[in-house]
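Student: missing the sequence, but the structure's below:
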(Lines give C-alpha, C1' and ligand atoms only; values in the text may rest on other atoms or scores of the structure.)
Protein backbone atom coordinates (compact mmCIF):
# COMPACT_ATOMS: atom_id res chain seq x y z
CA UNK A 1 0.00 0.00 0.00
CA UNK A 2 1.24 3.49 -0.77
CA UNK A 3 1.77 5.82 2.16
CA UNK A 4 -1.29 7.94 1.27
CA UNK A 5 -3.49 4.87 0.98
CA UNK A 6 -2.58 3.20 4.28
CA UNK A 7 -5.35 2.31 6.71
CA UNK A 8 -4.46 2.71 10.37
CA UNK A 9 -6.14 -0.36 11.83
CA UNK A 10 -4.63 -2.61 9.15
CA UNK A 11 -1.12 -1.38 9.99
CA UNK A 12 -1.86 -2.05 13.65
CA UNK A 13 -3.09 -5.55 12.79
CA UNK A 14 0.02 -6.23 10.70
CA UNK A 15 2.22 -5.01 13.54
CA UNK A 16 0.57 -7.38 16.01
CA UNK A 17 0.95 -10.29 13.58
CA UNK A 18 4.68 -9.72 13.14
CA UNK A 19 5.11 -9.20 16.90
CA UNK A 20 3.45 -12.57 17.50
CA UNK A 21 5.92 -14.18 15.08
CA UNK A 22 8.95 -12.58 16.76
CA UNK A 23 7.65 -13.49 20.22
CA UNK A 24 7.04 -17.06 19.07
CA UNK A 25 10.65 -17.30 17.91
CA UNK A 26 11.81 -15.92 21.26
CA UNK A 27 9.75 -18.09 23.62
CA UNK A 28 11.09 -21.44 22.36
CA UNK A 29 8.49 -23.64 24.07
CA UNK A 30 8.88 -21.77 27.35
CA UNK A 31 5.20 -21.31 28.18
CA UNK A 32 1.69 -22.33 27.13
CA UNK A 33 1.58 -19.08 25.15
CA UNK A 34 3.94 -20.65 22.59
CA UNK A 35 1.46 -23.07 20.95
CA UNK A 36 -1.25 -20.39 21.13
CA UNK A 37 0.90 -17.94 19.14
CA UNK A 38 1.73 -20.57 16.54
CA UNK A 39 -1.96 -21.29 16.06
CA UNK A 40 -2.55 -17.94 14.37
CA UNK A 41 0.52 -15.75 13.79
CA UNK A 42 1.35 -16.86 10.23
CA UNK A 43 -2.35 -17.14 9.23
CA UNK A 44 -2.89 -13.58 10.53
CA UNK A 45 -0.01 -12.28 8.40
CA UNK A 46 -1.41 -14.06 5.34
CA UNK A 47 -4.97 -12.90 6.03
CA UNK A 48 -3.81 -9.29 6.38
CA UNK A 49 -2.09 -9.53 3.00
CA UNK A 50 -5.40 -10.70 1.56
CA UNK A 51 -7.30 -7.75 3.03
CA UNK A 52 -5.13 -5.21 1.21
CA UNK A 53 -4.55 -7.22 -2.00
CA UNK A 54 -5.80 -5.63 -5.21
CA UNK A 55 -4.58 -6.27 -8.74
CA UNK A 56 -6.30 -3.41 -10.52
CA UNK A 57 -5.19 -2.94 -14.12
CA UNK A 58 -1.65 -4.22 -13.64
CA UNK A 59 -0.13 -6.60 -16.13
CA UNK A 60 1.54 -9.73 -14.79
CA UNK A 61 5.03 -8.54 -15.76
CA UNK A 62 4.59 -5.32 -13.77
CA UNK A 63 3.10 -7.17 -10.80
CA UNK A 64 5.91 -9.76 -10.84
CA UNK A 65 8.57 -7.05 -10.95
CA UNK A 66 7.01 -5.14 -8.06
CA UNK A 67 6.65 -8.18 -5.82
CA UNK A 68 10.11 -9.50 -6.68
CA UNK A 69 11.64 -6.17 -5.71
CA UNK A 70 9.56 -5.86 -2.53
CA UNK A 71 10.03 -9.45 -1.31
CA UNK A 72 12.64 -11.53 -3.09
CA UNK A 73 15.44 -8.97 -3.23
CA UNK A 74 15.34 -8.56 0.58
CA UNK A 75 15.13 -12.35 0.86
CA UNK A 76 18.25 -12.95 -1.24
CA UNK A 77 20.19 -10.08 0.37
CA UNK A 78 19.63 -11.26 3.93
CA UNK A 79 19.88 -14.93 3.01
CA UNK A 80 23.40 -14.33 1.67
CA UNK A 81 24.33 -12.30 4.77
CA UNK A 82 22.95 -15.05 7.00
CA UNK A 83 24.81 -17.78 5.11
CA UNK A 84 28.07 -15.84 5.38
CA UNK A 85 27.64 -15.26 9.13
CA UNK A 86 26.69 -18.87 9.80
CA UNK A 87 29.62 -20.13 7.76
CA UNK A 88 31.80 -18.36 10.34
CA UNK A 89 29.75 -18.46 13.54
CA UNK A 90 26.97 -20.93 12.86
CA UNK A 91 28.15 -23.87 14.94
CA UNK A 92 28.82 -21.75 18.01
CA UNK A 93 25.61 -19.75 17.68
CA UNK A 94 23.39 -22.81 17.27
CA UNK A 95 24.94 -24.63 20.23
CA UNK A 96 24.19 -21.68 22.51
CA UNK A 97 20.46 -22.17 21.91
CA UNK A 98 20.47 -25.94 21.99
CA UNK A 99 20.67 -26.58 18.26
CA UNK A 100 23.21 -27.99 15.87
CA UNK A 101 24.55 -26.65 12.59
CA UNK A 102 25.60 -29.29 10.10
CA UNK A 103 24.82 -27.68 6.73
CA UNK A 104 27.73 -26.74 4.48
CA UNK A 105 27.91 -23.34 2.69
CA UNK A 106 27.09 -25.06 -0.61
CA UNK A 107 24.04 -26.75 0.92
CA UNK A 108 23.03 -23.41 2.40
CA UNK A 109 23.10 -21.77 -1.02
CA UNK A 110 21.04 -24.65 -2.41
CA UNK A 111 18.62 -24.14 0.45
CA UNK A 112 18.40 -20.42 -0.34
CA UNK A 113 17.60 -21.12 -4.00
CA UNK A 114 15.09 -23.88 -3.24
CA UNK A 115 13.62 -21.65 -0.50
CA UNK A 116 11.78 -24.24 1.58
CA UNK A 117 12.72 -24.55 5.24
CA UNK A 118 11.24 -28.04 5.39
CA UNK A 119 14.37 -29.30 3.60
CA UNK A 120 16.49 -28.49 6.67
CA UNK A 121 18.82 -26.36 4.51
CA UNK A 122 17.77 -22.97 5.88
CA UNK A 123 19.19 -23.23 9.39
CA UNK A 124 21.09 -20.01 8.76
CA UNK A 125 17.85 -18.00 9.03
CA UNK A 126 14.76 -20.17 9.28
CA UNK A 127 12.23 -17.27 9.55
CA UNK A 128 13.09 -16.27 5.98
CA UNK A 129 10.94 -19.14 4.67
CA UNK A 130 7.88 -16.87 4.89
CA UNK A 131 9.13 -14.40 2.25
CA UNK A 132 9.30 -16.73 -0.80
CA UNK A 133 6.12 -18.46 0.37
CA UNK A 134 4.09 -15.25 0.40
CA UNK A 135 5.71 -14.25 -2.90
CA UNK A 136 4.43 -17.42 -4.57
CA UNK A 137 1.05 -17.04 -2.89
CA UNK A 138 0.69 -13.51 -4.28
CA UNK A 139 1.52 -14.73 -7.78
CA UNK A 140 -1.22 -17.34 -7.42
CA UNK A 141 -3.61 -14.64 -6.20
CA UNK A 142 -2.86 -12.46 -9.22
CA UNK A 143 -4.26 -15.03 -11.65
CA UNK A 144 -7.20 -15.91 -9.42
CA UNK A 145 -8.36 -12.34 -8.76
CA UNK A 146 -7.18 -10.49 -11.89
CA UNK A 147 -10.48 -10.78 -13.77
CA UNK A 148 -12.91 -10.98 -10.86
CA UNK A 149 -12.73 -9.22 -7.52
CA UNK A 150 -16.09 -8.94 -5.82
CA UNK A 151 -17.65 -10.36 -2.66
CA UNK A 152 -19.38 -13.28 -4.39
CA UNK A 153 -16.21 -14.34 -6.20
CA UNK A 154 -14.06 -13.92 -3.09
CA UNK A 155 -16.41 -16.14 -1.06
CA UNK A 156 -16.35 -18.75 -3.84
CA UNK A 157 -12.55 -18.73 -3.93
CA UNK A 158 -12.41 -19.04 -0.15
CA UNK A 159 -14.68 -22.09 -0.08
CA UNK A 160 -12.93 -23.78 -3.01
CA UNK A 161 -9.47 -23.09 -1.56
CA UNK A 162 -10.54 -24.65 1.76
CA UNK A 163 -11.65 -27.78 -0.10
CA UNK A 164 -8.51 -27.98 -2.24
CA UNK A 165 -6.15 -27.37 0.70
CA UNK A 166 -7.97 -29.95 2.83
CA UNK A 167 -7.80 -32.64 0.14
CA UNK A 168 -4.17 -31.97 -0.73
CA UNK A 169 -3.13 -32.03 2.92
CA UNK A 170 -5.24 -34.88 4.30
CA UNK A 171 -5.32 -37.17 1.26
CA UNK A 172 -2.13 -36.45 -0.69
CA UNK A 173 0.26 -34.49 1.59
CA UNK A 174 2.36 -32.49 -0.82
CA UNK A 175 6.17 -32.77 -0.56
CA UNK A 176 8.51 -29.84 0.15
CA UNK A 177 8.12 -27.78 -3.03
CA UNK A 178 10.26 -24.83 -4.23
CA UNK A 179 9.51 -21.51 -2.54
CA UNK A 180 7.23 -23.27 -0.05
CA UNK A 181 4.52 -23.71 -2.69
CA UNK A 182 2.82 -26.43 -0.66
CA UNK A 183 2.55 -24.12 2.36
CA UNK A 184 1.23 -21.35 0.12
CA UNK A 185 -1.55 -23.68 -1.00
CA UNK A 186 -2.37 -24.66 2.58
CA UNK A 187 -2.42 -20.99 3.65
CA UNK A 188 -4.39 -19.72 0.66
CA UNK A 189 -7.79 -20.12 2.40
CA UNK A 190 -6.63 -17.54 4.96
CA UNK A 191 -5.60 -15.18 2.16
CA UNK A 192 -8.96 -15.68 0.43
CA UNK A 193 -10.73 -15.00 3.72
CA UNK A 194 -8.76 -11.76 3.87
CA UNK A 195 -10.16 -10.88 0.46
CA UNK A 196 -13.66 -11.53 1.78
CA UNK A 197 -13.00 -9.30 4.79
CA UNK A 198 -11.55 -6.67 2.48
CA UNK A 199 -14.80 -6.69 0.51
CA UNK A 200 -16.94 -6.01 3.59
CA UNK A 201 -14.57 -4.13 5.87
CA UNK A 202 -16.24 -0.78 5.19
CA UNK A 203 -19.60 -2.04 6.40
CA UNK A 204 -18.19 -3.77 9.48
CA UNK A 205 -16.02 -0.78 10.40
CA UNK A 206 -19.21 1.27 10.72
CA UNK A 207 -20.70 -1.21 13.21
CA UNK A 208 -20.99 -0.09 16.81
CA UNK A 209 -18.12 -0.66 19.20
CA UNK A 210 -20.26 -3.12 21.18
CA UNK A 211 -20.70 -5.34 18.10
CA UNK A 212 -16.97 -5.31 17.46
CA UNK A 213 -16.20 -6.15 21.08
CA UNK A 214 -18.72 -9.01 21.02
CA UNK A 215 -17.16 -10.47 17.85
CA UNK A 216 -13.66 -10.01 19.28
CA UNK A 217 -14.41 -11.72 22.59
CA UNK A 218 -16.45 -14.51 21.04
CA UNK A 219 -13.98 -15.42 18.29
CA UNK A 220 -10.89 -15.17 20.49
CA UNK A 221 -12.54 -17.25 23.22
CA UNK A 222 -13.57 -20.02 20.81
CA UNK A 223 -10.23 -19.99 18.97
CA UNK A 224 -8.23 -20.06 22.19
CA UNK A 225 -10.33 -22.90 23.59
CA UNK A 226 -9.68 -24.87 20.40
CA UNK A 227 -5.92 -24.60 20.89
CA UNK A 228 -6.19 -26.71 24.04
CA UNK A 229 -5.06 -30.22 23.29
CA UNK A 230 -4.27 -29.54 19.63
CA UNK A 231 -0.53 -29.65 20.22
CA UNK A 232 2.14 -27.72 18.40
CA UNK A 233 1.60 -26.18 14.96
CA UNK A 234 4.70 -25.94 12.74
CA UNK A 235 4.54 -24.15 9.40
CA UNK A 236 8.11 -25.17 8.56
CA UNK A 237 7.08 -28.82 8.47
CA UNK A 238 3.42 -28.27 7.51
CA UNK A 239 2.27 -29.83 10.75
CA UNK A 240 -1.03 -28.42 11.94
CA UNK A 241 -1.73 -30.16 15.22
CA UNK A 242 -3.17 -33.40 16.47
CA UNK A 243 -6.76 -32.75 15.37
CA UNK A 244 -6.03 -32.39 11.66
CA UNK A 245 -5.91 -29.65 9.04
CA UNK A 246 -9.64 -28.90 9.02
CA UNK A 247 -9.64 -28.31 12.77
CA UNK A 248 -6.60 -26.06 12.42
CA UNK A 249 -8.29 -23.94 9.75
CA UNK A 250 -11.36 -23.33 11.92
CA UNK A 251 -9.16 -22.51 14.92
CA UNK A 252 -6.94 -20.13 12.95
CA UNK A 253 -9.93 -18.43 11.32
CA UNK A 254 -11.62 -17.81 14.67
CA UNK A 255 -8.47 -16.29 16.17
CA UNK A 256 -7.70 -14.20 13.09
CA UNK A 257 -11.24 -12.82 12.82
CA UNK A 258 -11.11 -11.99 16.52
CA UNK A 259 -7.94 -9.95 16.08
CA UNK A 260 -9.29 -8.25 12.94
CA UNK A 261 -12.40 -7.20 14.87
CA UNK A 262 -10.22 -5.97 17.73
CA UNK A 263 -8.09 -3.88 15.36
CA UNK A 264 -11.23 -2.38 13.83
CA UNK A 265 -12.10 -1.00 17.25
CA UNK A 266 -9.31 1.51 16.56
CA UNK A 267 -10.06 2.80 13.01
CA UNK A 268 -6.95 4.97 12.85
CA UNK A 269 -4.79 2.40 14.58
CA UNK A 270 -2.20 3.32 17.19
CA UNK A 271 0.47 5.59 15.72
CA UNK A 272 3.65 4.03 17.21
CA UNK A 273 2.33 0.55 16.45
CA UNK A 274 1.38 1.58 12.90
CA UNK A 275 5.03 2.40 12.27
CA UNK A 276 5.88 -1.22 13.01
CA UNK A 277 3.16 -2.37 10.63
CA UNK A 278 4.64 -0.29 7.83
CA UNK A 279 8.04 -1.93 8.18
CA UNK A 280 7.30 -5.61 8.54
CA UNK A 281 9.63 -6.84 5.77
CA UNK A 282 12.71 -5.51 7.55
CA UNK A 283 11.57 -7.14 10.79
CA UNK A 284 10.88 -10.46 9.10
CA UNK A 285 14.29 -10.69 7.40
CA UNK A 286 16.39 -9.44 10.33
CA UNK A 287 14.79 -10.43 13.63
CA UNK A 288 16.68 -13.69 14.01
CA UNK A 289 19.95 -11.78 14.51
CA UNK A 290 18.96 -9.84 17.68
CA UNK A 291 17.08 -12.87 19.02
CA UNK A 292 20.19 -15.04 18.73
CA UNK A 293 22.19 -12.29 20.43
CA UNK A 294 19.79 -12.04 23.38
CA UNK A 295 18.93 -15.72 23.71
CA UNK A 296 22.30 -17.20 22.81
CA UNK A 297 25.05 -14.76 23.77
CA UNK A 298 23.86 -12.29 26.42
CA UNK A 299 24.11 -13.99 29.85
CA UNK A 300 21.68 -11.68 31.66
CA UNK A 301 18.88 -12.20 29.12
CA UNK A 302 19.45 -15.97 29.14
CA UNK A 303 19.10 -15.90 32.94
CA UNK A 304 15.95 -13.77 32.78
CA UNK A 305 14.36 -16.09 30.22
CA UNK A 306 15.07 -19.04 32.47
CA UNK A 307 13.50 -17.29 35.49
CA UNK A 308 10.70 -15.26 33.89
CA UNK A 309 10.20 -16.84 30.44
CA UNK A 310 7.12 -14.97 29.25
CA UNK A 311 7.96 -11.50 30.60
CA UNK A 312 11.59 -11.72 29.48
CA UNK A 313 10.63 -13.03 26.06
CA UNK A 314 8.16 -10.17 25.52
CA UNK A 315 10.87 -7.66 26.45
CA UNK A 316 13.38 -9.33 24.12
CA UNK A 317 10.82 -9.43 21.29
CA UNK A 318 10.15 -5.70 21.70
CA UNK A 319 13.87 -4.91 21.81
CA UNK A 320 14.50 -7.11 18.77
CA UNK A 321 11.81 -5.34 16.78
CA UNK A 322 13.23 -1.97 17.85
CA UNK A 323 16.70 -3.00 16.69
CA UNK A 324 15.29 -4.19 13.35
CA UNK A 325 13.48 -0.88 12.87
CA UNK A 326 16.65 1.09 13.65
CA UNK A 327 18.66 -1.04 11.24
CA UNK A 328 15.94 -0.63 8.61
CA UNK A 329 16.19 3.15 8.85
CA UNK A 330 19.95 3.00 8.25
CA UNK A 331 19.63 0.51 5.40
CA UNK A 332 16.86 2.60 3.85
CA UNK A 333 19.18 5.60 3.66
CA UNK A 334 22.20 3.64 2.40
CA UNK A 335 20.72 0.87 0.23
CA UNK A 336 16.91 0.91 0.17
CA UNK A 337 16.72 -1.82 -2.48
CA UNK A 338 17.97 -4.30 0.15
CA UNK A 339 14.59 -3.79 1.85
CA UNK A 340 12.69 -3.83 -1.43
CA UNK A 341 12.13 -0.07 -1.33
CA UNK A 342 12.96 3.02 -3.33
CA UNK A 343 14.01 6.31 -1.76
CA UNK A 344 11.20 8.80 -1.52
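Tutor: Thanks, I have it. None of the values given here were measured: they were computed from a predicted structure.
Student: show me where the stretch 201-344 of the chain has helices.
Tutor: Remark: helices assigned in the stretch 201-344 of the chain by DSSP state H, counting those that start in this stretch are 209-227, 245-264, 271-277, 280-286, 288-292, 299-307, 309-334.
Student: Quick check: which of the ones you listed is nearest to residue 192?
Tutor: helix 245-264 (10.9 Å; Cβ to Cβ). All C-beta atoms are positioned from the backbone trio N, CA, C, and that covers glycine.
Student: how many degrees apart are that closest one and helix 209-227 in direction?
Tutor: 150 degrees (axes from the mean of the first three to the mean of the last three Cα atoms, to 10 degrees).
Student: pLDDT (mean, whole number) over helix 245-264?
Tutor: Average pLDDT, helix 245-264: 97.
Student: Could you tell me what pLDDT the model assigned to residue 3?
Tutor: pLDDT, residue 3: 44.
Student: and of the helices of the stretch 201-344 of the chain, who's closest to residue 158?
Tutor: Among these, helix 245-264 sits nearest to residue 158 (Cβ to Cβ), with 9.9 Å.
Student: in the closest one, what's buried?
Tutor: Across helix 245-264, burial judged by 16 or more other Cβ atoms under 10 Å covers 245, 248-249, 251-264.
Student: what does stretch 146-153 give?
Tutor: Under 16+ other Cβ under 10 Å, the buried positions of stretch 146-153 are 149, 153.
Student: picking that back up, would you mind giving the helices of the stretch 201-344 of the chain as CSV with distance to residue 139 added?
Tutor: Output for the helices of the stretch 201-344 of the chain, formatted as CSV (distance: least, Cβ to Cβ, whole Å):
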stretch, distance to residue 139
helix 209-227, 29
helix 245-264, 22
helix 271-277, 23
helix 280-286, 17
helix 288-292, 25
helix 299-307, 39
helix 309-334, 25
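Student: Pick the most buried one from these.
Tutor: By mean neighbour count, with neighbours taken as mean count of other Cβ atoms under 10 Å, helix 280-286 ranks first of the helices of the stretch 201-344 of the chain at a mean of 24.
Student: That helix packs against which elements?
Tutor: helix 8-27, helix 73-96, helix 130-145, helix 309-334 (3 or more Cβ pairs under 8 Å, 6 or more residues apart in numbering; DSSP states H and E).
Student: about what we covered before: worst mean pLDDT among the helices of the stretch 201-344 of the chain?
Tutor: Taking the mean pLDDT of these, helix 299-307 comes last: a mean of 80.
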